[in-house]
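*Asks:* generate a structure from the sequence data that follows.
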Amino acid sequence: MTPPLILTPSQGVISEVQVKLHPIPEAVSAAVCSFPTLNDAVEASMAVCSYSRPARMELLDAVTMSALDGYQGQSFEVAPTIFFEFHGSPRAWRRRHTN
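*Replies:* Down below sits the predicted model:
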């Protein structure tokens, strides 16, 4: 049986899709970091990536943060902000952060 084709208007026909599955991590830690300027946020993100591999990292400018401020009762500083998420094991996290 031939698998169905997915048609997308802008890119043509997709005939095959590969999915990569990842296990649920043992431990997840997150951080929200605000910066005085967008340049400072970019430099910090580069420094973090040279030291560690975040599972997720999202950089939002001050305009986007002002749109999010107050959404669903949340309060954010209106400044360039990075949201980080790190995955791993509790033992590895303790080893890294207690030395």
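
*Asks:* and the longest helix for the chain?
*Replies:* helix 38-51 (DSSP state H).

*Asks:* just checking, what packs against that helix?
*Replies:* Judged by 3 or more C-beta pairs under 8 Å, 6 or more residues apart in numbering; DSSP states H and E, helix 38-51 is in contact with strand 56-60, strand 81-88. Glycine gets a C-beta too; all of them are placed from N, C-alpha and C.

*Asks:* run the angle between that helix and strand 81-88 for me.
*Replies:* 10 degrees (axes from the mean of the first three to the mean of the last three C-alpha atoms, to 10 degrees).

*Asks:* comparing the helices and strands packed on helix 38-51, which comes out most buried?
*Replies:* strand 81-88 (a mean of 18; mean count of other C-beta atoms under 10 Å).

*Asks:* E77 and M65 touch, don't they?
*Replies:* Yes. Assessed by C-beta atoms under 8 Å, E77 is found in contact with M65 at 7.1 Å.

*Asks:* quick one, which of the two is more surrounded?
*Replies:* Set E77 next to M65 and count neighbours by other C-beta atoms under 10 Å: M65 wins out with 16 against 13.

*Asks:* which residues touch the helix or strand where that one lies?
*Replies:* In this structure, M65 is located in helix 62-68 according to DSSP states H and E. The contact list for helix 62-68, computed with C-beta atoms under 8 Å, 6 or more residues apart in numbering, reads 38, 60, 74, 76-81.
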